[in-house]
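Asker: Provided below are the primary sequence and the corresponding predicted coordinates.
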Amino acid sequence: MLVREVTEVLDGWFDPDWAEPWDAVGLVCGDPDEVVRRVLLAVDAVPATVAEALALGAQLLVTHHPLLLTGVHGVAAGEPKGALVHRMIRGGAAHLVIHTNADVASPGVSDALADALGLNGCEPLDPQRQPPMSKLVVFVPQQDADGLIDALAAAGAGAIGDYDRCAWSTAGTGTFRPLSGAHPAIGAIGRTEQVAETRVEMVVPAGRQAAVVAALRAAHPYEEPAFDLLVQQPLTGHRGTGRVGELPSVTTLRDFTAHAARVLPRTAWGVRAAGDPDRPVRTVAVCGGSGASLVEQARAAGADAFLTADLKHHLVVEAVTERGDGLALVDAAHWATEAPWLDALAERLRTRFGTTVDVHVSRAVTDPWTVHVRPDDVPPGAQ
């Protein structure tokens, strides 16, 4: 496999167009035409994971967090980030970033977090509206219908999920009368014609309308093909940020927090919760990474607890103490909420590529917090 071929598969699962406008996803460095025999997956591109990729002999390092998130004017080897880019290039390792496009994907980062916690029946916490599709309706002589469908499908029409060339056809009779100046494929000037025609209906994804109409005009036998292009109402789909689901049974906030600490990767930060320790918890919302902006969505979804990372003091006070309506907040380490996705992604890649590509997951804990001291851990009288 080549770097570009692996990247194309990953782009199919995590479309770069789904990324936030401020994000920096895609290939950071590396030759798309280089062969890939070994891949390393990690949350962060830091000296430890870059060294691990090179020691492993990986030709591709895939990370969740961007190495170059903010704009740069150069990658000089004398700068920390530039040094990592140079190390990867010299070591023959390309670097690919899959960030917010994986956060909203289905399955994506929050699905892996929900699976680690044992949640069932998950739905997006903040579902994305799908780009509005169009419905193409076109009338064509029956003998030309299959050829036209093929041409429309090649231009992007009829793509629904994991299926392509999706079309609906019905038979009928078309009638028309060519006027002076026309060059009819069927019939004669001034004479009314009746033709056995097929009505073809196909969906057209956003952004493909112009290409599909051009293909229609090129492939249709008529000088002036009759067609409609109808814009559909945008709907929410399976993509979106965060997930909300159900635990197998009711527990308490205290026990759920302990459960989260057991099943998530261990960090010095650990897991902490805000709310009544004895409050019942069954419906749980989660968001891998920084999900503070989704607190109200978690409340609206009826969650008993919302687990995410990077929660700030004032937000927690307002959400838990001042509102006092029962929503508990559970704060885990940012890295720990996203690391479960690496194993889920590794499994998908192994299924897709088999033994062609050797896929590894970094176990390096790249969470930046390294010391956590509880008051009970300090002996009385210690200075």
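Answerer: Good, I have the coordinates. Numbers count the residues shown, from 1 in each chain.
Asker: Parallel or antiparallel, list what pairs with the lengthiest strand in the chain.
Answerer: For the chain, the strand with the greatest residue count under DSSP state E is strand 236-252. Sheet pairing of strand 236-252 (DSSP bridges) gives strand 120-129 (antiparallel), strand 280-290 (antiparallel).
Asker: from the middle of its chain, how far away would the last one be?
Answerer: Strand 280-290 sits 19 Å away from the centroid of its parent chain (Cα atoms, centre = their mean, to the nearest Å).
Asker: Flag every buried residue along the helix or strand just after it.
Answerer: Counting by DSSP states H and E, the next helix or strand C-terminal to strand 280-290 is helix 295-300. Across helix 295-300, burial judged by 16 or more other Cβ atoms under 10 Å covers 295, 297-299. Every residue, glycine included, has its C-beta placed from N, CA and C.
Asker: again, but for stretch 55-67
Answerer: Residues of stretch 55-67 classed as buried: 56, 58-67 (neighbour count, 16+ other Cβ under 10 Å).
Asker: Quick check, residue 275 in contact with residue 320.
Answerer: Yes - Residue 275 lies in contact with residue 320 (Cβ atoms under 8 Å); the separation is 5.3 Å.
Asker: per-domain residue ranges of the protein.
Answerer: 3-102+340-361, 109-128+238-335, 134-231 (automatic domain parsing).
Asker: looking at those, which is buried most?
Answerer: Greatest average neighbour count among those goes to domain 109-128+238-335 (a mean of 20), per mean count of other Cβ atoms under 10 Å.
Asker: is it true that residue 200 lies in a helix?
Answerer: No - Residue 200: not assigned to a helix; according to DSSP: H, G, I helix; E, B strand; the rest coil it is strand.
Asker: rewinding a little: need the residues touching each of residue 275 and residue 320.
Answerer: By Cβ atoms under 8 Å, 6 or more residues apart in numbering, residue 275 and residue 320 have these common neighbours: 327-329.
Asker: quick one: which of those residues is nearest residue 108?
Answerer: Residue 108 lies nearest to residue 329 out of those, by Cβ to Cβ, at 21.8 Å.
Asker: In which helix or strand does that closest one reside?
Answerer: strand 328-332.
Asker: Please enumerate residues in contact with the very next helix or strand once past that strand?
Answerer: Remark: after strand 328-332, the chain's next helix or strand is helix 334-338, criterion DSSP H and E. Here helix 334-338 makes contact (Cβ under 8 Å, 6+ apart) with 43-44, 64, 109, 113, 264-267, 269, 271, 286-290, 307-310, 365-367.
Asker: how distant is helix 334-338 from the center of its chain?
Answerer: The answer for helix 334-338 is 17 Å, by Cα atoms, centre = their mean.
Asker: In CSV, list the C-alpha atoms belonging to it.
Answerer: C-alpha atoms of helix 334-338 as CSV (Å, rounded to 0.1, in the frame of the first residue of the first chain):
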residue,chain,number,x,y,z
HIS,A,334,-8.3,15.0,27.8
TRP,A,335,-5.9,12.3,26.4
ALA,A,336,-7.7,9.5,28.3
THR,A,337,-11.1,10.4,26.7
GLU,A,338,-9.6,10.2,23.2
